[in-house]
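**Student:** Below are the sequence and a predicted model; questions follow.
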Amino acid sequence: MVTNDHHVAWKDRIGLSERWEEAIKGCYYSWGENSFMNHLDALEHMIVNIKDGPQLHDMVQDYKTNVIQPDLYNQKMKWINDNIELAENRSYIRDLEIQLTRKGGKRLFTFIIQLLEDNGFGFYKSDDGEVESF
């Protein structure tokens, strides 16, 4: 059943919902692969502020800046402090940064999916049982 909380009309605008759906699928299909971060980057850059609506882009950037990045920095510093000798080797630090970036990417992806759903841009089932998007 379609509720008034979902913005189905956006499908008729510039195709954001269809682009978001494609980008989300790209993230799902590449989960755990090296290409995941590229798909996530594409999705992130397609999330825009909605005129007279939710400022989705700003919310994503705020979450990255104020939640993910500080947490990943703290995890990195903890590892460095716990592994002082290993931390002297730049390749270990680079490997750690790659792992943390991927971890942060997974968190960001989950946040974006939840953000879209919370703001009425989710999936719903039509009366004929077919799944419609956004």
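**Tutor:** Structure's in. What do you need?
**Student:** C-alpha only now, for contacts and for neighbours.
**Tutor:** Will do.
**Student:** show me where this protein has strands.
**Tutor:** Listed in chain order, the strands of the chain (DSSP state E) span residues 123-125, 131-133.
**Student:** I'd like the average pLDDT over the last one.
**Tutor:** Here strand 131-133 scores 51 as its mean pLDDT.
**Student:** Centre of the chain to stretch 36-55, how far?
**Tutor:** Chain-centre distance of stretch 36-55: 8 Å, with C-alpha atoms, centre = their mean, to the nearest Å.
**Student:** just stretch 60-68 next, same as before
**Tutor:** On C-alpha atoms, centre = their mean, the centre of stretch 60-68 falls 11 Å from that of its chain.
**Student:** what about dumping the CA coordinates of it to PDB?
**Tutor:** Extracted as PDB, the C-alpha positions of stretch 60-68 are listed here (Å, rounded to 0.1, in the frame of the first residue of the first chain):
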ATOM      1  CA  VAL A  60      25.000  13.000   4.400                       C
ATOM      2  CA  GLN A  61      27.900  15.400   4.600                       C
ATOM      3  CA  ASP A  62      27.200  16.200   8.200                       C
ATOM      4  CA  TYR A  63      27.200  12.500   9.100                       C
ATOM      5  CA  LYS A  64      30.500  11.900   7.300                       C
ATOM      6  CA  THR A  65      32.100  15.000   8.900                       C
ATOM      7  CA  ASN A  66      30.800  14.700  12.500                       C
ATOM      8  CA  VAL A  67      30.300  11.000  13.000                       C
ATOM      9  CA  ILE A  68      32.200   8.800  10.600                       C
END
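**Student:** ok, and for it, which residues are buried?
**Tutor:** Val60, Tyr63, Lys64, Ile68 (16 or more other C-alpha atoms under 10 Å).
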